[in-house]
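# following is a predicted model, sequence given first.
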Amino acid sequence: MNRKVTKAIFPVAGLGTRFLPATKSIPKEIMTLVDRPLIQYAIDEARAAGIKEFIFVTSRGKGALEDYFDHAHELENTLRKAGKDDLLELLRQTNMESGAIAYIRQHKAMGLGHAVWCARRLIHDEPFAVVLTDDVVMGEPPCLQQMIEAHAETGGSMVATMEVPLEKTKSYGVLDVAEDMGAIVRAKGMVEKPKENPPSNLAVIGRYILAPTVMENLNKLKQGAGGEIQLTDAIADEIEEGRDVYGLRFRGQRYDCGSKAGFLQATVAFGLARDELKDEFAEYLHDVMAMRKAAE
């Protein structure tokens, strides 16, 4: 029987330079998509998947991110006195139990693999999830839940994967497929941002379930592509050592909220998915497109 996944690492130490000047004063992870910060979408997805322990790998200047999960007693009391129970309940959903969250500092920006490795002492010998908040996935059930259900059957390590045009594979980690079983593929290799001749068009996105041996691989790694310690290299080492790595073609739509265009696309998609917003918002978008066509 495969061990249950109850711990998740959230690497949130990045500077968010693509969103300057906004990220000069606020962490990128609490930038708002409709009315919730990116980190809330990641936390909600992890909770739905049964994650109980949340490990944040942070850096200097991320105090606002840590404060977000604290109880806001003064605000809660004000809402309670005003009888605004709906807003009070909304606020409560952002609270985390004492001891559920741990914060680890990454003192040097040395890549995703290094950020994950920083949390090694909290993982021990358990399988664990890694969730990248830049990748927001609209799916039902949520992407990580799909992965944990699949991992319960396969064991090993698993990455979320989606098909992309071949010319775009140079922006992703890409799977070299040994066996295609439909929703699940077994990998015989992984290549980080291939400049040419990608082994497939199956790109890895920011959801992982990893065997504890991946941490041991990270211990041995030297700096790889881009002068950083790459998580992809540590996962590829699993395959080299004869352990299974799978890709899951998840059901859902992924939005790259690490880019401005992706963030805007996600804003439209999540806005249209909200019952209280969709009619007015859809009408506005229709009018905008009509005016654009008329101008052409």
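Okay, I see it.
# what about residue 107, how many neighbours?
9 (other CB atoms under 10 Å). In this view, the C-beta of every residue, glycine as well, is placed from N, C-alpha and C.
# that one reaches residue 58, doesn't it?
No - between residue 107 and residue 58 there is no contact under CB atoms under 8 Å: 10.5 Å.
# helix or strand for residue 79, which one?
helix 73-81 (DSSP states H and E).
# quick one: buried residues of that helix?
Neighbour-count burial for helix 73-81 flags residue 79 (criterion: 16 or more other CB atoms under 10 Å).
# by contact count, what packs against the lowest-mean-pLDDT helix or strand in the chain?
Least confident helix or strand of the chain, by mean pLDDT, DSSP states H and E, is helix 63-68 with a mean of 77. Where contact means 3 or more CB pairs under 8 Å, 6 or more residues apart in numbering; DSSP states H and E, helix 63-68 is packed against strand 53-58.
# follow-up on the earlier one: contacts for the helix holding residue 79?
With contacts defined as CB atoms under 8 Å, 6 or more residues apart in numbering, helix 73-81 is touched by 85, 87-88, 91-92.
# from the residues you listed, list the buried ones, please.
Using 16+ other CB under 10 Å as the threshold, residue 88 are the buried ones among these.
# narrow the contacts of helix 73-81 to those in helices?
The members of the contacts of helix 73-81 that map onto helices under DSSP state H are 85, 87-88, 91-92.
# so how far is residue 70 from residue 78?
To residue 70, residue 78 is 16 Å away according to CB to CB, to the nearest Å.
# now the residue nearest the centre of the chain: how far from residue 212?
In the chain, the residue lying closest to the centroid (CA atoms, centre = their mean) is residue 132, at 2.5 Å. In this view, residue 132 and residue 212 are 20 Å apart by CB to CB.
# so residue 161 makes contact with residue 205?
Yes - with contact defined as CB under 8 Å, residue 161 reaches residue 205; the gap is 7.0 Å.
# so which of those two has more stuff around it?
For the pair residue 161 and residue 205, the greater number of neighbours falls to residue 161 (26 against 20), based on other CB under 10 Å.
# related to what we said a few turns ago, ok, residues contacting the least confident helix or strand of the chain?
Residues from elsewhere that reach helix 63-68 (CB under 8 Å, 6+ apart): 12, 26-27, 29-30, 37, 39, 56, 58, 94, 103.
# now do the helices in the stretch 51-200 of the chain.
63-68, 73-81, 85-92, 112-117, 120-123, 143-154 (DSSP state H, counting those that start in this stretch).
# save those helices as CSV, and put in distance to residue 190 too.
Compiled in CSV, the helices of the stretch 51-200 of the chain are given as follows (distance: least, CB to CB, whole Å):
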stretch, distance to residue 190
helix 63-68, 30
helix 73-81, 45
helix 85-92, 40
helix 112-117, 12
helix 120-123, 21
helix 143-154, 16
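# tell me which of those helices lies nearest to residue 240.
helix 112-117 (15.5 Å; CB to CB).
# re earlier: not counting sequence-adjacent ones, nearest residue to the residue nearest to the centre of the chain?
Leaving out its chain neighbours, the residue that sits closest to residue 132 by CB to CB, 6 or more residues apart in numbering is residue 206, at 2.8 Å.
# who does the helix or strand that contains the one you found touch, helix- and strand-wise?
Following DSSP H and E, one finds residue 206 within strand 202-210. Helices and strands touching strand 202-210, by 3+ CB pairs under 8 Å, 6+ apart, are strand 128-131, strand 135-138, helix 143-154, strand 157-163, strand 173-180, helix 231-240, strand 245-249.
# tilt between the very next helix or strand once past that strand and strand 157-163?
Downstream of strand 202-210, the next assigned helix or strand under DSSP H and E is helix 213-220. Angle of helix 213-220 versus strand 157-163, following axes from the mean of the first three to the mean of the last three CA atoms, to 10 degrees, is 90 degrees.
# give the buried residues for helix 213-220.
213-215, 217-218.
# next one: stretch 138-145
139, 142-145.
# identify the residues contacting the nearest residue to residue 252 once chain neighbours are set aside.
Nearest residue to residue 252, sequence neighbours excluded (CB to CB, 6+ apart): residue 139, at 2.3 Å. Residue 139 makes contact with 146, 250-253, according to CB under 8 Å, 6+ apart.
# tell me how far residue 139 lies from residue 214.
24 Å.
# wait, residue 58 touches residue 101, no?
No - under the criterion of CB under 8 Å, residue 58 is not in contact with residue 101, lying 10.8 Å apart.
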